[in-house]
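In: Please work out how this folds:
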Amino acid sequence: MSFSLLRDLRDLNVLVLHPRNAEGEALVDHLRRIGCMVNFLWPAPDNLPPGTDVVFLAMEDESRPEIEYFLKSMPKPGPTILAIVGYENPSTLQIVIESGALAVIERPIKPFGLLTNLAIARNLWLQQQKLLKEARKYKRKVLGDQRISRAKAILMAVHHVSESEAYQELRRQAMARRVSIDAIADSIIDQEQCLRTPQKHD
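Out: Residues are numbered from 1 along each chain as shown. Sure, this is the predicted structure:
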């Protein structure tokens, strides 16, 4: 775990969703000693406060409807979530899993291990976001390659040229119009679809 990550923890905007009792106050105090900027709320709000990086979420059975509503309203990507649980049962485990929590804090909450759990959860969250970004980039590339292949096939069929010649034509048009090859491919595909679409006559 890098020192830069530990430094970054001090600049996090942390939302503590926990009943306003001694345990909740102690958690807030400890997070502030770490250097986090803490917002302490209960019950769970309808929406995540803007700018929230991390949520410590107490899984209270009597507040489950509010917690479920809050989780469903979460933006994408959501914040790093750490669940606070007092005991294990199927109902609690289910909502912990559904929340996407990357760490679980057991009650009674102890200062020892809190920083470690926060650091590990945040590191996992950052890794998740990196993987999602790479997956989106790869998906765009695959879709782009598929569009280019289709555009080449259209040019080959219409102009009776080789695959290499069709690709060179795509490049030539892209350079002439100062746009991407993907954009030229989309234009060719759109034109081909328009030609294939039956025209309605009055």
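
In: all contacts plus neighbour counts: C-alpha atoms, from now on.
Out: OK.

In: does the residue nearest to the spatial centre of the chain count as helix, strand or coil?
Out: Among the residues of the chain, Pro77 comes closest to the average C-alpha position under C-alpha atoms, centre = their mean, at 2.9 Å. Counting by DSSP: H, G, I helix; E, B strand; the rest coil, the backbone at Pro77 sits in coil.

In: Nearest residue to it in space, ignoring adjacent ones along the chain?
Out: Of all residues not flanking Pro77 in the chain, Gln129 sits nearest, at 7.9 Å (C-alpha to C-alpha, 6 or more residues apart in numbering).

In: For that neighbour, give its distance to Arg122.
Out: Taking C-alpha to C-alpha, to the nearest Å as the measure, Gln129 falls 11 Å from Arg122.

In: again with Pro90
Out: As judged by C-alpha to C-alpha, Pro90 and Arg122 stand 26 Å apart.

In: more crowded one of the two?
Out: For Pro90 and Arg122, the more surrounded residue by other C-alpha atoms under 10 Å is Arg122, and the numbers stand at 25 against 8.

In: for that one, what are its contacts?
Out: Neighbour list for Arg122: 54, 80 [criterion: C-alpha atoms under 8 Å, 6 or more residues apart in numbering].

In: And it, how far from Ala103?
Out: 9 Å.

In: since we're on Arg140, how many residues are nearby?
Out: Arg140, neighbours per other C-alpha under 10 Å, totals 12.

In: My error: substitute Ala135 in the last question.
Out: Around Ala135 there are 12 other residues, counting by other C-alpha under 10 Å.

In: so how far is Pro49 from it?
Out: Spatial separation of Ala135 from Pro49 under the definition C-alpha to C-alpha is 28 Å.

In: same deal with Ile154?
Out: When distance is defined by C-alpha to C-alpha, Ile154 is 50 Å away from Pro49.

In: which helix is the longest one in the chain?
Out: For the chain, the helix with the greatest residue count under DSSP state H is helix 114-159.

In: Do you have the strands of this structure handy? List them.
Out: In the chain, the segments counted as strands under DSSP state E are 13-17, 37-41, 54-58, 80-85, 103-106.
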